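Peer 1: Sequence first, then the predicted structure:
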Amino acid sequence: MEMQSVDHALQSSPWEPGIFGLAVFGAVVLGLLGGLLFLSARLTPGRDSAVKQTPYECGLVPAGSARLRHPAGFYLVAMFFLLFDVEAVYIFSWAVAFDASPASFWRMAFFILMLLAGLAYVWRKGGLEWGLGKRG
Amino acid sequence: MSDWFYLLPQAILCAGGLAALGLGAVLLRPAPGLQLGGALLFLAAAGAIVLALPAAGPVLDDMLAFDGIVRFYQLLILGSAGLSLLFASRYASLRGLAGDELYALVLFATLGMLLLAGAANWVIFVLGLELFTLCLYVLIALDRGRRTSLEAALKYFVPGAAAAGCLIFGVALIYAATGSLDLASSLASTAAGDVASFGPGLAGLALILLGVGFKLALAPFHLWAPDVYQGAPAPVAAFLATGSKVAVYAALLRLVAALPADAWQALAPVFWLLSAATLLAGSLPALTQTRVKRLLAYSSVAQMGYLLLALLAYPAAGPAPVMFYAAAYVLMDLGAFGSLGLLSPVSGDLDALEGFAGLGRTRPWPAAVLAVSLLSLAGLPLTMGFVGKFVVFVAVVRAGYPVLAGIGILGAVVAAGAYLRVLGALYFGRPVHAGQGQPPGPAAYVALGLVGALIVLLGIVPGPLLGLLR
Amino acid sequence: MNPGAATTVFPALSALLILPLAGALVALALSRDAASCRRLALGVSLAELALILALPLLNGPGPLHLAEDFAWISAMGARYHLGLDGLSYVLVLLTAVLQVLAVLVSWREVERSVGFYFFCLLASQASANGIFLARDLFLFALFWEFQLVPMFLLIGVFGHEEKRAAAAKFLIFSLAGGLAMLLAIAGLGLAQAGSTGLPNFSLAALLAQPVSPGLQLWLFTGFLLAVAVKVPILPLHTWLPDAHTQAPTAGSLILAGVLLKTGAYALIRLALPLFPAAAQAALPVLMFVGLLGLFYASWIALAQTDAKRLVAYSSIGHMSLVVLGAAAGSPLSLTGSMFQMLGHALSTGGLFLMVGMLSERAGSRELADFGGLWRTMPVFGAFFLFFCLAAAGLPGLCNFPGEFMIIVGTFKDHPAAGAAAFAGLVLTLVYVLRLAAAVIFGRPGKKARHPDMTFREVLILSGLTALILLLGLHPQPVLDLLTPAVTELLGAREGLP
């Protein structure tokens, strides 16, 4: 709830938006991009050959299909893992700032409980069943 | 009374969504009636509390606003969600789509819309907007076995994510320029004559407008609309076309109200151009569509143009026109998409114009509501659309934009040509498929009756509602 | 328009709207039973006619003036205000008469969706009555636009081969005009907004105080667009021949007899008196398009091979004459215009009915298919000749007084226009005689043998014949009804109080 402390009175921002700085930055970016594109267009020989038309342009003939097959369950579990794992970031930052007050403890407890409820939901719905088995 | 009461509707919807999910987890296959009844109960409870709460200034550390306008829009959103669910429930269970996620996501999306409608702070603004957009991504893809449904979801997701980025960048710019996340005070200080904050503030506003313009499908950010509306299941399209638009308009109304005069001077031409472009970009392509859902999508783009007209007139003519037209729009589009869903066979939503031939005779009631909605969209009398258009024109002329009103008329005539073709197919054609579609079921009949009766009733006796809005 | 002079009677005027509307809904509910639908529609139409004939009894001494005025949408300044003066009365009466004929003529012609058919027919009567009675511009616009829906359905559902295109054309043209008028009404109401800031749509208040001449021109253009589509005024007439040709017989009758009249009524009652300065400026243009329409329509009618299309073009010609008379603005020509509206409704309506009866029998409307009906169907031939002569403006029949008054009234101030109109009428005679010659005289064509008129048809046509003779021989009662309205409308145009 840091937002509450923001002063609503008109206060000047610490950030001074100078249009000049932005213009210089933009010019440098555009110049760099333009230069690179121009040089690569001018300096490369630009001859066409059969080898150049092959995928990856590296001279090797690609082997096998580009489409590898993974079981769909793999993605599902990976996604669940990500979903639940990212919450750890929040818990770590909470732990660093933990002020040993009961309120703070119960807030995190509630958060973790919600996570657990989510896990239970996924479990019950068959999201953790591996493979092509019976999915609810 | 504690400020926390003002979060009660949102809390109820959150509890409702969680309950829907929990029900699905415990029973695995809950009865559709139970799910629908429960969801409607939560929506009604939220609505009752919205009605009962006294109007107040910004509450909860200036996070939420709750005045008469917000209350009206929140009721409209809740109504739209309820009617969409009534239309959706049997539609979904016939097609095997009525999992717990349908009800939970609609409730969560409604929660996001309520937040957006009442946002007094940029964080709540973004939060609400993103919450309902995320739910809609999934809802559009509800029929995940169908390619078009997935395509629609992807087409909504990719530009939607880009628009969200723009929106958040805009909010960041405004914060950087003014040092405030409060909607009213940040906008007020944007224009304090301070060159350093005015420029970035306007740039931020422009980016926010871009993000919002995408959500509203304003031209030139409207190109996703036909594909998405076409691919989404019809009741979901009804919800997408009504609830989400109305919520964004509620927020936009507060934004315009909070703008100081010089910022409004700078933005009014932008709104002028946006509404003119939206009116034409919605109406003209509608004329050549042979697919009814795409036609309705373009028509809803054009309707956004009328709402924008009313919004442009807001500083001069007050909020009543934009609110009345919003209500009319919600009913018309719910009626159109909802009855389209009911007329459709299970094998896929009706879309091609030929498929509608003769349905006026074989399925009189859903076809009649579709016809009434189309007549109302075309702005013919004894419907809400006529009064709404007239109220908007009066407001626009009063605000001094007669040319824009002329463009509005041009758009209305062109769009009427498009609606005519659907009406023609419904009533003039010979039936091609006998007994197409499924009986709608009692819930959908309730929704049909409500929508049709309200469109006609408020078209004949709009006085009380208009008086209320003034 | 002095409200004090009006006798307020509550339900009588509303009943004129409610009775057909209720009948329409009951017809829809009865749609399973075709016979009772027909009887219901006839009963409602006759009851409406009786009601209208009884209305003058409610009026106090002095010219006919009944009114009803109630708050309606107070948030928008719109009131539910109905008023009935001589002009409205004549037109409402005409609508009711034609409605009875329309119901009778579709007794056999319509066989499927009978309930829906009579729903459209009765709803269109309710909306036309609303147009003629409304004394609040928003209410007027509501009925004006609503009138399109039943007529659109009548043409689109029950019409002939090309019905869909004709119905769509009709609706798009009318909607475009109607929306332009809607915008003009919004602008007018706002321009006269009182101290409350609410727009003012009361016709009496708006007539009493015209807006600034610059604004008048814009608003008049909006009104004129709507009127020009409905009347129709050249060059916005192109929907009419299609709509007439494709509509069922009763639809053509209502279209010619009622719908076009609403356009001319809006011109006479609203557009010209509301914007006197603009009307004055537009007078040469209006007179020119009126004359142009008369010549153009007669010329095109000469080239038609479809009987119904020919009658449709004659309709355009007659209505152009109405526009000329209304624009010329002398009391005589304005009265003539109003009278001509009645005459045209009866004579052209009769021709549409007869062509409809013929095509019902022969399945064709081509002139070449007929001929010699004088011999094969003598009763038909006699009636047809009578209506042709009425349309040509034979003295003693219904078109003559109106045409005469228009030409004489125009001639006084604009001799050239009056002379040209007279020449135009001669052209009318030519194509009407050609129609008569092609249908009833000459050698019988390949579809010329049919059973003669049935009793029902003779009944319908005798009624019309009686009215045509009555109007032609004894126009004075109708003129007495119209005179107060003419004085009042011209007073508003000349800026008199």
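Peer 2: Yep, it's here.

Peer 1: so what's whatever residue of the stretch 201-350 of chain B ends up closest to chain C up against?
Peer 2: Closest to chain C within the stretch 201-350 of chain B is residue B:320: 7.0 Å, counting by Cβ to the nearest Cβ. C-beta: built from backbone N, CA, C; applies to glycine. Residue B:320 sits next to B:391, B:466, B:469, B:470, C:75 when contact means Cβ atoms under 8 Å, 6 or more residues apart in numbering or on different chains.

Peer 1: Measure how buried the last one is and give me the count.
Peer 2: Residue crowding around residue C:75 was assessed by other Cβ atoms under 10 Å in any protein chain shown; the count is 18.

Peer 1: now the helix or strand harbouring residue B:412: mean pLDDT?
Peer 2: Taking DSSP states H and E as the criterion, residue B:412 maps to helix B:402-428. For helix B:402-428, mean pLDDT is 88.

Peer 1: Now the residue nearest in space to the middle of chain C: which helix or strand?
Peer 2: In chain C, the residue lying closest to the centroid (Cα atoms, centre = their mean) is residue C:261, at 2.3 Å. Using DSSP H and E, residue C:261 sits within helix C:260-266.

Peer 1: And residue B:96, by the same measure?
Peer 2: Applying DSSP H and E, one finds residue B:96 in no helix or strand.

Peer 1: ok, so what distance separates residue C:60 from residue C:273?
Peer 2: 25 Å (Cβ to Cβ, to the nearest Å).

Peer 1: Oh, that last question was meant for residue B:185, not what I typed.
Peer 2: Separation of residue B:185 from residue C:273 (Cβ to Cβ) stands at 54 Å.

Peer 1: Give me the more crowded residue out of residue C:60 and residue C:273.
Peer 2: For residue C:60 versus residue C:273, neighbours defined as other Cβ under 10 Å are more numerous around residue C:273 (22 against 11).

Peer 1: who touches that one in this structure?
Peer 2: The contact partners of residue C:273, by Cβ under 8 Å, 6+ apart, come to C:207, C:279, C:489, C:492, C:493.

Peer 1: one more time with 6 Å, if that's ok
Peer 2: By Cβ atoms under 6 Å, 6 or more residues apart in numbering or on different chains, the contact list for residue C:273 reads C:207, C:489, C:492, C:493.

Peer 1: hang on, the first one packs against residue C:492?
Peer 2: Okay, so that is residue C:207. Yes - under the criterion of Cβ atoms under 6 Å, residue C:207 makes contact with residue C:492 at 4.8 Å.

Peer 1: distance of residue B:173 from chain A?
Peer 2: As judged by Cβ to the nearest Cβ, to the nearest Å, residue B:173 and chain A stand 9 Å apart.

Peer 1: any idea what sits nearest that residue, other than its immediate chain neighbours?
Peer 2: Leaving out its chain neighbours, the residue that sits closest to residue B:173 by Cβ to Cβ, 6 or more residues apart in numbering or on different chains is residue B:204, at 3.3 Å.

Peer 1: what comes up buried for the helix or strand hosting that neighbour?
Peer 2: Using DSSP H and E, residue B:204 falls within helix B:195-216. Neighbour counts over helix B:195-216 (16 or more other Cβ atoms under 10 Å in any protein chain shown) mark B:197-198, B:200-216 as buried.

Peer 1: Quick one: list the elements packing against it.
Peer 2: Counting contacts by 3 or more Cβ pairs under 6 Å, 6 or more residues apart in numbering or on different chains; DSSP states H and E, helix B:195-216 packs against helix B:147-178, helix B:234-258.

Peer 1: Count the neighbours of residue C:213 for me.
Peer 2: Around residue C:213 there are 13 residues (other Cβ under 10 Å).

Peer 1: Hmm, it is touching residue C:278, no?
Peer 2: No - using Cβ under 6 Å, residue C:213 is not in contact with residue C:278, being 7.1 Å away.

Peer 1: Tell me which residues touch the closest residue to chain A within chain C, please.
Peer 2: With Cβ to the nearest Cβ as the measure, residue C:197 is the residue of chain C nearest to chain A, at 34.0 Å. Residue C:197 sits next to no residue when contact means Cβ under 6 Å, 6+ apart.

Peer 1: sec struct for it, please.
Peer 2: coil (DSSP: H, G, I helix; E, B strand; the rest coil).

Peer 1: gap between it and residue C:215?
Peer 2: Taking Cβ to Cβ as the measure, residue C:197 and residue C:215 are separated by 18 Å.

Peer 1: Can I get the helix or strand bottoming out on mean pLDDT in chain A in PDB, CA atoms only?
Peer 2: Of all helical and strand segments in chain A, the minimum by mean pLDDT, DSSP states H and E falls on helix A:50-53, at a mean of 72. Listed next in PDB are the C-alpha coordinates belonging to helix A:50-53 (Å, rounded to 0.1, in the frame of the first residue of the first chain):
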ATOM      1  CA  ALA A  50      21.800 -22.600 -54.100                       C
ATOM      2  CA  VAL A  51      23.600 -22.900 -50.800                       C
ATOM      3  CA  LYS A  52      22.500 -19.600 -49.700                       C
ATOM      4  CA  GLN A  53      18.900 -20.600 -50.200                       C
END
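
Peer 1: for the helix or strand containing residue B:335, what is the average pLDDT?
Peer 2: Under the criterion of DSSP H and E, residue B:335 resides in helix B:320-343. For helix B:320-343, the mean per-residue pLDDT is 93.

Peer 1: How about stretch C:251-263?
Peer 2: Stretch C:251-263 comes out at a mean pLDDT of 90.

Peer 1: Equivalent analysis for stretch C:41-48, please.
Peer 2: The model assigns stretch C:41-48 a mean pLDDT of 91.

Peer 1: buried sites along it?
Peer 2: C:41, C:42, C:44, C:45, C:48.

Peer 1: mind putting the residues you listed in CSV, secondary structure included?
Peer 2: Output for those, formatted as CSV (three-state DSSP):
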residue, secondary structure
C:41, helix
C:42, helix
C:44, helix
C:45, helix
C:48, helix
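
Peer 1: Would you convert those into JSON lines that also reports distance to chain B?
Peer 2: What follows is the buried residues of stretch C:41-48, written out as JSON lines (distance: Cβ to the nearest Cβ, whole Å):
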{"residue": "C:41", "distance to chain B": "20"}
{"residue": "C:42", "distance to chain B": "25"}
{"residue": "C:44", "distance to chain B": "19"}
{"residue": "C:45", "distance to chain B": "22"}
{"residue": "C:48", "distance to chain B": "20"}
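
Peer 1: low-confidence ranges in the chain?
Peer 2: If you meant another chain, say so; for now it's chain A. For chain A, the stretches with pLDDT under 70 are A:1-18, A:57, A:59, A:131-136.

Peer 1: nope, chain C please
Peer 2: The model of chain C has pLDDT under 70 over residues C:1-10, C:195, C:448, C:494-497.

Peer 1: State the next helix or strand along the chain beyond the helix holding residue B:204.
Peer 2: Immediately after helix B:195-216, counting by DSSP H and E, sits helix B:224-231.

Peer 1: got the angle for that next one vs helix B:147-178?
Peer 2: 140 degrees (axes from the mean of the first three to the mean of the last three Cα atoms, to 10 degrees).

Peer 1: buried residues in helix B:224-231?
Peer 2: Neighbour counts over helix B:224-231 (16+ other Cβ under 10 Å) mark B:224, B:225, B:226, B:227, B:228, B:229, B:230, B:231 as buried.
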